[in-house]
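> Would you be able to build a 3D model of this:
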Amino acid sequence: MKPLVFVAFLVLAAVAEEKTQNSFNLDVGEIDLGHHTDIKKTVTFYKGIPEPYPVEKHIGFPVLKHVPIPVEVKVPHPYPVEKEVLVPVKKFVKVGYAVPKPYPVEKKVKIPVKVYVDKPYPIKVYVDKPYAVEKPVHVPYKVFVPHPYPVLKKIPVAVKVPVHVHKPYPVYKNVPVPVKVYVYKYVPKYVEKPYPVNVEKKIPVPVEKYVPYPVKVPVERLVPYKIEKPFPVPVKEFVKVPYPVYKEVKVPVEKLVGYPVKIEVENPVPIEINKPVPYIVEKVVPYYKSAKW
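Purely as a prediction, here's the structure:
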C-alpha cells in the first residue's frame, strides 16, 4: 500500500504545478475615479490545457519493384579445333660454283601465232516456192432483185379469196469461161552442199602439282542427330447416336370472320396474236467454177 500512496502524492503534486504554470495574476492597481479610493482588483487568467489529438506522420518505407533486366546466358557453341601437324618441307639451298666463261643463255619465248582455219558454217539459201496467182477477171452478170409481192394470210372466214399464181420468169445461168493464167517457171540452180571437216578438240587432263606448303583437306565429320520414330497413340472414336429431330410444319388453319371477304378470280381476256406464216423465198447466188492447175 505504501508505494501506491507515494505514487498518488506525486501525481497530485504534478497537477498542482501545472495549474500554477498555466495561470498568472495581473495586478490592475488603483483605478482613478476623481477622488481617493482604496479599491484594488485582480484578474486571474487561466490558460487552456492542451488536449491530445492524433498526429499523422508520413513514414516512407522501401517498396520492392520487379524490374526485368536482360541477362546474357552463354551457350556453348561448337568451334573448330585446329591442331598443328608438322609436315616435312624441302628447302632449296643455293650453292655457288665457279663459272669459267660467260656463255649466252637462250630462252624460249612462246609467241601466240594466229592460224586461220577454214571452218564450215551453215548458209541459208532461200528457195522461192511456187504460189498461186489470182487474177481478177471481170465478167458481167445480172443480179436478181426480188420484187415485192403480197403475202396472203389465212382467215377462218367463209370468204372467197382469189389465188395468186406466180408467172414464169427467165433464169440466167452463169457459164464459166476458161482464162489462161501465165505462171513463171523457175530454172534449177546448183548450190554447194556442206561437207564434213575434222576439227581437233582439246580435252582437259587433270595434272597433279606438288606445292611446298601444307594444304588443308576438308574432311566431313559425322554428327549424330535424333530420328523421331512413330509410336501408337490411343484415339477415342466418337460413335454417332441417333436422336429425335423435331421440325415445325406449318398447316393452314381457316378462321371464321364475321364479314364478307372478296376473293380475286382471274378472268381470262382474249387477245389477238398475229403469228407469222413462213414462206419460201428464192435467192440467186453467183456461181464460179475454180480452175485446176
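> Every contact and neighbour count from this point should use C-alpha atoms.
Will do.
> where does the protein dip in pLDDT?
Applying pLDDT under 70 to the chain flags residues 1-9, 11-41, 45-47, 287-293.
> For it, which segments count as strands?
Along the chain, the stretches classed as strands by DSSP state E are 23-30, 40-46.
> what does stretch 85-99 contact?
212, 213, 214 (C-alpha atoms under 8 Å, 6 or more residues apart in numbering).
> need the residues you listed in a markdown table with neighbour count, can you?
A markdown table is the format used below for the contacts of stretch 85-99 (neighbours: other C-alpha atoms under 10 Å):
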| residue | neighbour count |
| --- | --- |
| 212 | 11 |
| 213 | 10 |
| 214 | 11 |
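> Just name the closest of these to residue 63, please.
residue 214 (66.6 Å; C-alpha to C-alpha).
> Give me the spatial nearest neighbour of the closest one, chain neighbours excluded.
residue 87 (6.8 Å; C-alpha to C-alpha, 6 or more residues apart in numbering).
> For burial, what's the neighbour tally of the one you found?
9 (other C-alpha atoms under 10 Å).
> do the one 5 residues further on as well
Residue 92 is flanked by 6 other residues according to other C-alpha under 10 Å.
> quick one: it and residue 150, what's the gap?
126 Å (C-alpha to C-alpha, to the nearest Å).
> quick revisit: can you tell me which of the contacts of stretch 85-99 are in helices?
Assignment to helices by DSSP state H places none of the contacts of stretch 85-99 there.
> and of those residues, the nearest to residue 230?
Out of these, the member with the shortest distance to residue 230 (by C-alpha to C-alpha) is residue 214, at 48.2 Å.
> Now the closest one: phi and psi?
When read as degrees, to the nearest 10, the backbone of residue 214 gives phi -70, psi 140.
> oh, and call the first residue 98 from now on, that's how I've got it
All right, first residue 98 from here; so that's residue 311.
> what's the residue closest to the geometric middle of the chain?
By C-alpha atoms, centre = their mean, the chain has its centre lying nearest to residue 325, at 33.7 Å.
> Can you give me the distance of that one to residue 331?
Distance from residue 325 to residue 331, counting by C-alpha to C-alpha: 18 Å.
> got it, and residue 193?
90 Å.
> got it, and residue 359?
In this view, residue 359 and residue 331 are 72 Å apart by C-alpha to C-alpha.
> Equivalent analysis for residue 202, please.
In terms of C-alpha to C-alpha, residue 202 sits 92 Å off from residue 331.
> cool, residue 344 as well?
In this view, residue 344 and residue 331 are 38 Å apart by C-alpha to C-alpha.
> again, but for residue 188
For residue 188, the distance to residue 331 equals 74 Å [C-alpha to C-alpha].
> How about residue 254?
Note on residue 254: its distance to residue 331, by C-alpha to C-alpha, is 91 Å.
> And for residue 203?
Counting by C-alpha to C-alpha, the gap from residue 203 to residue 331 is 91 Å.
> what does residue 322 give?
28 Å.
> next one: residue 225
Going from residue 225 to residue 331 by C-alpha to C-alpha gives 81 Å.
> now swap in residue 146 and tell me
Relative to residue 331, residue 146 is positioned 88 Å away (C-alpha to C-alpha).
> Looking at those two, which one has more neighbours?
Comparing residue 146 with residue 331 by other C-alpha under 10 Å, the one with more neighbours is residue 146, at 9 against 6.
> which residues in the protein form helices?
Going by DSSP H, the chain shows helices at 99-119.
> Let's have the contacts of stretch 182-196 in a markdown table, adding distance to residue 178.
Below are the contacts of stretch 182-196 laid out as a markdown table (distance: C-alpha to C-alpha, whole Å):
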| residue | distance to residue 178 |
| --- | --- |
| 309 | 24 |
| 310 | 20 |
| 311 | 17 |
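> Which of those sits closest to residue 141?
residue 311 (119.5 Å).
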